[in-house]
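# Pasting the sequence and the predicted coordinates here, then a few questions.
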Amino acid sequence: MRKLFIPVFCALLLAAGSVPAAAPAPTDEQIAAVLSREMQQLDLESQYARTMRLEPAEKNRVTADAVKRLFSDQDFARYAVSQMRQVGVFSMKDPAKVRELSASLGRSLMLSLSDKGASRLPYEDQRALIAFSLRRALTSPNSRACRSQLLNDPSLSSVSELAAADHLFINGLSVQAYRAQMDRVVRATLSEVKGTPPVRRATAAQKELAAEALQRAFEARISKLDGRRRQQLLSALLEPRSADSEDFCEAMKITLRSYLDLSGEVADWAYEDLFAGGR
């Protein structure tokens, strides 16, 4: 989902570059205000229709609306400008390098903000994110892409494999499911930028109870396999990058299902520990 936001940063640079050279250097606050305003005027829906070819086409509008929602928030706009300045985007003259750096910055921002911000979302949203990850793994066309997606590490599969897997998964979602996920991404990102609500963290006692419940759920599922296969999957979880990709992907599907088997307070604690641990 992060790659949906990459073209935005190129558009932002064009807007920022519209300030006359002879004018006094604008402050980050001023640039953020301009970018926030200009983003609402850009035809992002057509841009996504050309570059991403989402199906049905309504998803392009959903994506555009989510991006504009992000940049309508002044805290996010200021954060984006500060990050652009830190990496020297405003001083660059080569358009190709600007686009390359903007794309890299876009990926970095979405990785650091939406993933971390998920720890600030309510229990229901965290459960939905786990289910979303499971569905993504289930629809992945091959185990290499599956592992790459689950670990958020594009180096573990080829560019074409990962692109095909992402395209297959996103286009397989209903518009309603896609809109709900984009809403969670936006809320997680803004929550992290603003630092509110606070990250929910389970106590030591709650973590212990959650771990015990998760272990029981996991064992109930993996016990249906023969001993040799069980050992293969357990080993894959211990060495996710070096293990056979099919073993790891299958083990993670069982793990994600085990999280979804939980209910009540113990599920909330398990989700808190899972998402807070990724910060």
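That came through, no problem.

# Let me see the domain layout of the chain.
2-194, 204-276 (automatic domain parsing).

# hey, least reliable of those domains by pLDDT?
Lowest mean pLDDT of those: domain 2-194, a mean of 83.

# how far is that domain from where the chain is centred?
9 Å (C-alpha atoms, centre = their mean, to the nearest Å).

# Am I right that Pro165 is in contact with Ser140?
One correction, residue 165 is Ala, not Pro. Yes: between Ala165 and Ser140 there is a contact at 5.0 Å, judged by C-beta atoms under 8 Å. Where C-beta positions appear, they are placed from N, C-alpha and C, glycine not excepted.

# who touches both of the two?
Residues touching both Ala165 and Ser140 (C-beta atoms under 8 Å, 6 or more residues apart in numbering): 146, 149.

# Isn't Asp75 up against Leu190?
Yes: between Asp75 and Leu190 there is a contact under C-beta under 8 Å: 7.3 Å.

# and the gap between Gln215 and Tyr259?
12 Å (C-beta to C-beta, to the nearest Å).

# Show me which of those two is the more surrounded one.
When Gln215 and Tyr259 are compared for neighbours, Tyr259 comes out ahead with 22 against 11, by other C-beta atoms under 10 Å.

# mind checking the SS state of that one?
Tyr259 falls in the helix class when you classify it by DSSP: H, G, I helix; E, B strand; the rest coil.

# Now do the nearest residue to Leu44 once chain neighbours are set aside against Ala131, distance only.
Leaving aside its sequence neighbours, Leu44 sits nearest to Ala64 (C-beta to C-beta, 6 or more residues apart in numbering; 3.7 Å). Per C-beta to C-beta, Ala64 is found 25 Å from Ala131.

# How about Arg85?
For Arg85, the distance to Ala131 - C-beta to C-beta - is 38 Å.

# Likewise for Arg201?
According to C-beta to C-beta, Arg201 and Ala131 sit 22 Å apart.

# Same question for Ala220.
Distance from Ala220 to Ala131, by C-beta to C-beta: 19 Å.

# Looking at those two now, which is surrounded by more residues?
Neighbours were counted for Ala220 and for Ala131 using other C-beta under 10 Å; Ala131 has more, 14 against 11.

# Tell me who's in contact with the more buried one.
Going by C-beta under 8 Å, 6+ apart, Ala131 touches 256, 260.

# ok, 7 Å please
Leu260 (C-beta atoms under 7 Å, 6 or more residues apart in numbering).

# And for Asp261?
Asp261 neighbours (C-beta under 7 Å, 6+ apart): Ala217.

# which residues in the stretch 1-150 of the chain form helices?
For the stretch 1-150 of the chain, the helices defined by DSSP state H, counting those that start in this stretch occupy 6-16, 28-39, 44-51, 58-71, 74-86, 95-117, 123-139, 143-151.

# Tell me which of the ones you listed is the most buried.
Among these, helix 143-151 has the highest mean neighbour count (mean count of other C-beta atoms under 10 Å), at a mean of 22.

# Quick one: name whatever helix or strand follows it.
Downstream of helix 143-151, the first helix or strand assigned by DSSP states H and E is helix 159-172.

# The following helix or strand past that following helix - contacts with which helices or strands?
Beyond helix 159-172 in the direction of the C-terminus, DSSP H and E gives the next helix or strand as helix 175-194. If you count contacts as 3 or more C-beta pairs under 7 Å, 6 or more residues apart in numbering; DSSP states H and E, helix 175-194 packs onto helix 58-71, helix 74-86, helix 95-117, helix 123-139.

# For helix 175-194, which residues meet the burial criterion?
178-182, 184-193 (16 or more other C-beta atoms under 10 Å).

# Could I get the CA-only coordinates of the helix or strand where Asp273 lies as PDB?
Assessed by DSSP H and E, Asp273 sits inside helix 264-276. Only the C-alpha atoms of helix 264-276 are listed here, as PDB (Å, rounded to 0.1, in the frame of the first residue of the first chain):
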ATOM      1  CA  GLY A 264     -11.900 -10.600  24.500                       C
ATOM      2  CA  GLU A 265      -9.400  -8.800  26.600                       C
ATOM      3  CA  VAL A 266      -6.600 -11.400  25.900                       C
ATOM      4  CA  ALA A 267      -6.900 -10.600  22.200                       C
ATOM      5  CA  ASP A 268      -6.600  -6.900  22.900                       C
ATOM      6  CA  TRP A 269      -3.500  -7.500  24.900                       C
ATOM      7  CA  ALA A 270      -2.000  -9.700  22.300                       C
ATOM      8  CA  TYR A 271      -2.600  -7.100  19.600                       C
ATOM      9  CA  GLU A 272      -1.200  -4.400  21.800                       C
ATOM     10  CA  ASP A 273       2.000  -6.400  22.200                       C
ATOM     11  CA  LEU A 274       2.200  -7.300  18.600                       C
ATOM     12  CA  PHE A 275       1.900  -3.700  17.200                       C
ATOM     13  CA  ALA A 276       3.800  -2.000  20.000                       C
END
